[in-house]
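Colleague: Okay, predicted coordinates and the sequence, questions at the end:
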Amino acid sequence: MPDPFTMLIAGYIASNAPHWREVILLLLGKLGRKPVTLRLKQILNGTIKSRRSRYTEIVQQDLFFVSDCLIEEITVESDLVEHVISLLSDVVLNSPFLSQSQDAARRLGQLMQTKQCAIVAEKEMKRLITSHEIATPSLKITIAETFYEISPAGSQENLLAAQSLSALAQPEFSIDQHLQALQALSQINFNKLREMQLVSQTLWDLIQSEQYIRNQLLCIVTIPIGWQLAPYVDKMQAILLVQDMHLSNDIEEHLMTHWKDIILYGEQIPDIPSIISLSLCKLLSPEIRASMYSLLRQYVSQFDQIPSVKVLD
């Protein structure tokens, strides 16, 4: 007959009730390393289960519960750490469900933040981010985003993630995949100039390829418009492109909705010629133009260095 604690765990799995989660995690944390390892292994191999554990080979609810225990820093034997990470990686690579693969990848990222799992999880994430076994761009994007967010700021892992996303904007991928990768890149808070330049170059390479259809162009130009790290020259070029294409009558409202001023760090001096041109652009709302004017007022001392400026009508 199962002991009371095992029955309690089985009851939690059966109910899947959120209020039981903290209770079970607290009790598991009170056990020693070996007893808790044993019980979590029993969950994985089906010794501890309930009717809610049915179809766990498809839904993976038991694996996700055990991985959540490790994310909560419940101390276990190293062989269980390696086994759970291996199982999560297998789900990433082989699940028939994209969202399940993405959930597993995010859990691997969370395990990178734990003391006992960090080394093994990071090694596996590096393998996945460079793996040729993953054919789904959306999944590659999830892995790269997760890896970037978890990795230390300014590290080689940051650049590796950016390069992985940038690779999805190459000719062999569809225009929709290009956009998805670029939109993901634009959400990353880059710490290095070379990484920001990578996004900018990839964006304009895509535009110059002229592979897009008309309704996709607005999605493309929205990326630099709404990206707080996009240089003002990229925002200006995006608006020039909109003007040349005569995209729609409601473009002014679209620009107003998505516009974000760039974030300046330290003593960084903005691109004054581009700001001047944007401040005079009639496509932009009075609010955006006023913001450009306020920024110009801060850099009056730089005006003697301004070259000739192309004014946007």
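Modeller: Cool, got the structure.
Colleague: Tell me which stretches of the stretch 51-200 of the chain form helices.
Modeller: Ranges of helices in the stretch 51-200 of the chain, per DSSP state H, counting those that start in this stretch, are 56-59, 61-71, 78-94, 98-111, 118-129, 137-150, 156-167, 175-186, 193-209.
Colleague: Now S291: phi and psi?
Modeller: For S291, the backbone dihedrals (degrees, to the nearest 10) come out as phi -60, psi -40.
Colleague: Verify the contact between it and K260 for me.
Modeller: No: between S291 and K260 there is no contact under CB atoms under 8 Å: 10.2 Å. Every residue, glycine included, has its C-beta placed from N, CA and C.
Colleague: okay, these two: which has more neighbours?
Modeller: Using other CB atoms under 10 Å as the criterion, S291 and K260 rank with S291 on top: 17 against 14.
Colleague: The residue lying closest to that one once chain neighbours are set aside and I225, how far apart?
Modeller: Nearest-residue entry for S291: D261, 5.9 Å, with adjacent residues in sequence omitted and distances by CB to CB, 6 or more residues apart in numbering. To I225, D261 is 11 Å away according to CB to CB, to the nearest Å.
Colleague: so where is this structure shaky, pLDDT-wise?
Modeller: Across the chain, the ranges flagged by pLDDT under 70 are 1-21, 49-52, 153-154, 162, 165-217, 245-250, 263-269, 305-313.
Colleague: Tally up the residues packed near P270, please.
Modeller: Using other CB under 10 Å, P270 has 19 neighbouring residues.
Colleague: Specify which residue of D261 and I225 has the higher count of neighbours.
Modeller: Neighbour totals were compared for D261 and I225, and I225 leads with 24 against 15 (other CB under 10 Å).
Colleague: so who does the more buried one touch?
Modeller: By CB atoms under 8 Å, 6 or more residues apart in numbering, the contact list for I225 reads K235, A238, I239, L255, H258, W259, K260.
Colleague: Can you tell me which of these comes closest to L160?
Modeller: Within the contacts of I225, the smallest distance to L160 is 26.5 Å, found for K260 (CB to CB).
Colleague: The closest one contacts Q228, correct?
Modeller: Yes: the criterion here is CB under 8 Å, and K260 meets it with Q228 at 4.9 Å.
Colleague: Now do the phi/psi pair for S285.
Modeller: Dihedral angles (degrees, to the nearest 10) for S285: phi -70, psi 160.
Colleague: Count the neighbours of the nearest residue to it once chain neighbours are set aside for me.
Modeller: Leaving aside its sequence neighbours, S285 sits nearest to M256 (CB to CB, 6+ apart; 4.4 Å). M256: 15 surrounding residues under other CB under 10 Å.
Colleague: Over to S99?
Modeller: Residues near S99, counting by other CB under 10 Å, number 11.
Colleague: Now for L280, how many residues are close by?
Modeller: Neighbours around L280, by other CB under 10 Å: 15.
Colleague: Can you list the residue ranges for strands in the stretch 151-300 of the chain?
Modeller: Applying DSSP state E, counting those that start in this stretch to the stretch 151-300 of the chain gives no strands.
Colleague: picking up where we left off before, state the distance from the residue nearest to S291 to M236.
Modeller: For D261, the distance to M236 equals 13 Å [CB to CB].
Colleague: In JSON lines: the helices of the stretch 51-200 of the chain, plus distance to G29.
Modeller: Below are the helices of the stretch 51-200 of the chain laid out as JSON lines (distance: least, CB to CB, whole Å):
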{"stretch": "helix 56-59", "distance to G29": "23"}
{"stretch": "helix 61-71", "distance to G29": "9"}
{"stretch": "helix 78-94", "distance to G29": "15"}
{"stretch": "helix 98-111", "distance to G29": "17"}
{"stretch": "helix 118-129", "distance to G29": "19"}
{"stretch": "helix 137-150", "distance to G29": "23"}
{"stretch": "helix 156-167", "distance to G29": "30"}
{"stretch": "helix 175-186", "distance to G29": "36"}
{"stretch": "helix 193-209", "distance to G29": "39"}
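Colleague: quick one on the thing from earlier: most neighbours out of the contacts of I225, which is it?
Modeller: The residue in these with the most neighbours, by other CB under 10 Å, is K235 (28 neighbours).
Colleague: Now S138: closest residue in space that isn't a chain neighbour?
Modeller: L98 (6.1 Å).
Colleague: residue contacts, the one you found?
Modeller: Here L98 is in contact with T136, S138, L139 (CB under 8 Å, 6+ apart).
Colleague: For the residues you listed, which entry has the maximal number of neighbours?
Modeller: Neighbour-wise, these (other CB under 10 Å) top out at L139, 20 neighbours.
Colleague: Please name the nearest non-neighbouring residue to that one.
Modeller: Spatially, and ignoring its direct neighbours in sequence, L139 is nearest to S101 (5.3 Å; CB to CB, 6+ apart).
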